[in-house]
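K.L.:
here's a sequence, model it:
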Amino acid sequence: MLLSVLLQAAAAGVGLSKLGAALGAGLAVIGAGIGIGKIGGSAMEGIARQPGASGDIRMNMIIAAALVEGVALLALVVCLLVLFL
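P.N.:
Residues are numbered from 1 along each chain as shown. Next up is the predicted model:
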């Protein structure tokens, strides 16, 4: 199914670089969503085990989520630049 879509896009004249940029943007967003979800789940588990350390865990969770989101945004911008330029 996916291969037929890719072959149709290549035959229609869509450049492979644009197709790769679109796939890269999608993968960057999916990866960031999975990463932030794992960070949040692990932080909630840590808070449940150590309620006294919730402030430190929450602060580290926010920092890690911001870093993951920043990398995903950078990847998305690069993919969009390749797509439109």
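K.L.:
next, the buried residues of the lengthiest helix in the chain.
P.N.:
Under DSSP state H, the helix in the chain containing the largest number of residues is helix 16-49. By neighbour count on 16 or more other C-beta atoms under 10 Å, the buried set for helix 16-49 is 21, 22, 24, 25, 28, 32, 35, 36, 39, 43, 46, 47. Yep, even glycine has a C-beta here, placed from its N, CA and C like the rest.
K.L.:
quick check: residue 79 vs residue 63, distance?
P.N.:
Taking C-beta to C-beta, to the nearest Å as the measure, residue 79 falls 25 Å from residue 63.
K.L.:
so residue 32 sits against residue 71, correct?
P.N.:
Yes - using C-beta atoms under 8 Å, residue 32 is in contact with residue 71, at 7.5 Å.
K.L.:
overlap in contacts, those two.
P.N.:
Shared contacts of residue 32 and residue 71 (C-beta atoms under 8 Å, 6 or more residues apart in numbering): none.
K.L.:
which element follows the longest helix of the chain toward the C-terminus?
P.N.:
Going down the chain from helix 16-49, the next helix or strand is helix 54-84, by DSSP states H and E.
K.L.:
residue furthest from the geometric center of the chain?
P.N.:
Distance from the C-alpha centroid of the chain, by C-alpha atoms, centre = their mean, peaks at residue 52 (31.4 Å).
K.L.:
contact partners for that residue?
P.N.:
Counted by C-beta under 8 Å, 6+ apart, residue 52 has zero contacts.
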